[in-house]
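Enquirer: Here is my input; please provide its structure:
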Amino acid sequence: MADRPLRILQILRAPVGGLFRHVYDLTHELAARGHQIGIVGDSLHTDALTEERLGKLRPLSPLGIHSLPIPRVFGVGDLTTPFRVRALADKLAIDVLHGHGAKGGFNARVARIGAKQRVALYTPHGGVLNYAAGSPAGVAFRLIERALIGVTDAFVFESAFAQRAFHKQIGVPKSPNPVIHNGVTPAEFEAITPYSDAADFVFIGEFRPVKGIKFLLDALVGVRAPDGRPATLAMAGGGPELEAIKAQIASLGLQERVTLLGVKPARPTLHLGRCLVVPSLAESLPYVILEGAAAGLPVIATDVGGVSEIYGPTAASLLPAADAGALQRTMQAALDDPTAAAHEAELRLAHIRAGFSVAHMADQIEALYRQVLVTRRQD
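Expert: Residues are numbered from 1 along each chain as shown. Model (predicted):
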């Protein structure tokens, strides 16, 4: 067991956001180590983008990519898919069922019941905690989570913040439930040099209220470069708040200072700004901060979720959320004293390099797989 390659089924509902980035990185790293991987995703809601993302996993998944009905909230698939996953796991001689997100975790753990030859792990990625506690879905999902704790061989939390929230709202598992931070790739640790015409600041993310863009634009109004010119901002992203953001830019007279880039991948976009700003009102462990900091860029961020874990020795510089005044002062300081901002970025980079690499993440998850398999088969 200690040496042989494992046969692993990664189960997720939809390939979106940080959850998909985590599954992709983990699958890539585990496949490079010789493990055999299969993927289970949802067949109910698919589109060209979903197919494109899953297509990236196909070369890494010799056990196949399998589409089964996984409804977003509640549906018939919740009654049938776990048993289809169990049958698939039997057919493929799976050792590890690893569920990601609320529905991936549900299917992995129900499929594991009664199968002593395999284990089920669960990474919530927010999961059930994304539903309001008093909502019908929130109440139902929390009851299900509590019922499934006993058949979960291990939990993986991407941040201590997520772990604390789960313990508080669901309960403290008796099974292993370590914090294993997400990581970035070696290429992402290569330094970024902003273009000569880069904006003073760059924002990369979805245009939703929780991202705090309103406060960023309010803060930008009064920020000036040392030579007195108004500071500039490049913004990459899209989403339901796009029109409201355009209206706010116009009402604040920022049309000449803010460039809307549309949806762009993070790393190339980092070249377009001299300092990354992440003014979120809520987060878990945002990849964009990891990517910006790993590239050596100064980062301004709010003290939400697990961001302080990324910041490490520089956590004292985090800002309160929803505070345009504090954001403005910090943005101004970054322009007034770029040497201090660069020094802080160096400290943060050293912290991330030590504990937030994809290899380090996969080392810990691989070891956890083997640990719980031994425990399961000894029971």
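
Enquirer: Pull the contacting residues for P173.
Expert: Taking CB atoms under 8 Å, 6 or more residues apart in numbering, we find P173 in contact with I149, T152, F155. Where you see a C-beta, it was placed from the backbone N, CA and C, and this is true even at glycine.

Enquirer: so who does the residue nearest to E309 when sequence neighbours are not counted touch?
Expert: Spatial nearest neighbour of E309, chain neighbours left out: S159 (5.6 Å); criterion: CB to CB, 6 or more residues apart in numbering. Going by CB under 8 Å, 6+ apart, S159 touches V179, H181, S284, L285, G305, G306, E309.

Enquirer: pLDDT value on S159, please?
Expert: For S159, the model assigns a pLDDT of 95.

Enquirer: From H343, how far off is it?
Expert: Note on S159: its distance to H343, by CB to CB, to the nearest Å, is 26 Å.

Enquirer: Could you do E190 as well?
Expert: 20 Å.

Enquirer: same check, this time on F166
Expert: 36 Å.

Enquirer: If we ignore the residues flanking it in sequence, what's nearest T193?
Expert: Per CB to CB, 6+ apart, closest to T193 is H271, 7.2 Å.

Enquirer: From what I see, that neighbour and S196 are in contact.
Expert: No - using CB atoms under 8 Å, H271 is not in contact with S196, being 10.3 Å away.

Enquirer: Find residues that contact each of these two.
Expert: By CB under 8 Å, 6+ apart, no residue touches both H271 and S196.

Enquirer: Neighbour count: those two, which is higher?
Expert: Neighbour count, other CB atoms under 10 Å: between H271 and S196, H271 has more, with 16 against 5.

Enquirer: Next up, the contacts around the more buried one.
Expert: I192, T193, P194, Y195, A198.

Enquirer: what phi and what psi does the backbone show at Q169?
Expert: Backbone geometry at Q169, expressed as degrees, to the nearest 10, gives phi -90, psi -30.

Enquirer: Among F166 and H343, which residue is more densely surrounded?
Expert: F166 (23 against 13).

Enquirer: secondary structure element for that one?
Expert: helix 160-169 (DSSP states H and E).

Enquirer: for the helix or strand that that helix is followed by, what is the average pLDDT?
Expert: For helix 160-169, the following helix or strand on the C-terminal side (DSSP H and E) is strand 201-204. Averaging pLDDT along strand 201-204 gives 98.
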